[in-house]
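A.B. asks: based on what follows, work out the 3D shape:
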Amino acid sequence: MMTDPVADMLTRIRNAGRVKHVATSCPSSKLKISIAKVLSDEGFIEGFDSEAGDNNKTTLRLVLRYTDAGEPMIDGIRRVSTPGRRTYVGSTNIPKVRNGLGMAVLSTSKGVMCDRDAREQKLGGEIICEVW
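C.D. replies: Residues are numbered from 1 along each chain as shown. The predicted model follows:
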């Protein structure tokens, strides 16, 4: 039994990047698709798609992005809000990840978005993860 599916997805991305895999896959959910969309929009991954699998279960396939030197675009990825300790912030307290070089992914009342968009729209919410 998996208690934190989002942390599992982030770990799969981290591990696939370290061994230079082209893509990785994980079980799909609406929240994971939203996180993948934010990562894709911000340029951390090439893209993603959801595939129907066995027994009516869908799989989320993430295509990783690398620099010209072959290093993964995602240098680090960390889960902030866990099932045992949720982390909520207001719009004025959204942290800057690595002095603005990274980004935080937030779940707000208007959906999942990056920290920059949440600050512009003056929205707070739950910090899902940080990416740099």
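A.B. asks: does R14 belong to a helix, a strand or coil?
C.D. replies: Following DSSP: H, G, I helix; E, B strand; the rest coil, R14 is assigned to helix.
A.B. asks: tell me how many other residues surround it.
C.D. replies: As a burial measure, R14 scores 16 neighbours (other CB atoms under 10 Å). (Glycine included, C-beta is placed from N, CA and C.)
A.B. asks: against R79, how distant is it?
C.D. replies: 10 Å (CB to CB, to the nearest Å).
A.B. asks: L39 too?
C.D. replies: From L39 to R79 the distance is 14 Å (CB to CB).
A.B. asks: now do V112
C.D. replies: Relative to R79, and taking CB to CB, V112 is found at 14 Å.
A.B. asks: equivalent analysis for F44, please.
C.D. replies: Counting by CB to CB - F44 and R79 are separated by 15 Å.
A.B. asks: neighbour count for these two, which is higher?
C.D. replies: F44 (23 against 18).
A.B. asks: I'd say the more buried one and R65 touch.
C.D. replies: Yes - contact criterion CB atoms under 8 Å: F44 and R65 qualify, at 6.6 Å.
A.B. asks: and the spatially most central residue of the chain, what element?
C.D. replies: Centre of the chain computed as the mean C-alpha position; nearest residue by CA atoms, centre = their mean is I35, 4.4 Å away. For I35, the element it lies in under DSSP states H and E is helix 30-41.
A.B. asks: helices or strands up against the following helix or strand past that helix?
C.D. replies: Sequence order places strand 45-52 as the next helix or strand after helix 30-41, per DSSP H and E. For strand 45-52, the packing partners by 3 or more CB pairs under 8 Å, 6 or more residues apart in numbering; DSSP states H and E come out as helix 30-41, strand 58-64.
A.B. asks: what residues do F44 and R65 have in common as contacts?
C.D. replies: Counting by CB atoms under 8 Å, 6 or more residues apart in numbering, the shared contacts of F44 and R65 are M73.
A.B. asks: one step back: using TSV, lay out the helices and strands packed on strand 45-52 together with distance to R86 and mean pLDDT.
C.D. replies: Formatted as TSV, the helices and strands packed on strand 45-52 follow (distance: least, CB to CB, whole Å; pLDDT from 0 to 100):
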stretch	distance to R86	mean pLDDT
helix 30-41	14	97
strand 58-64	23	96
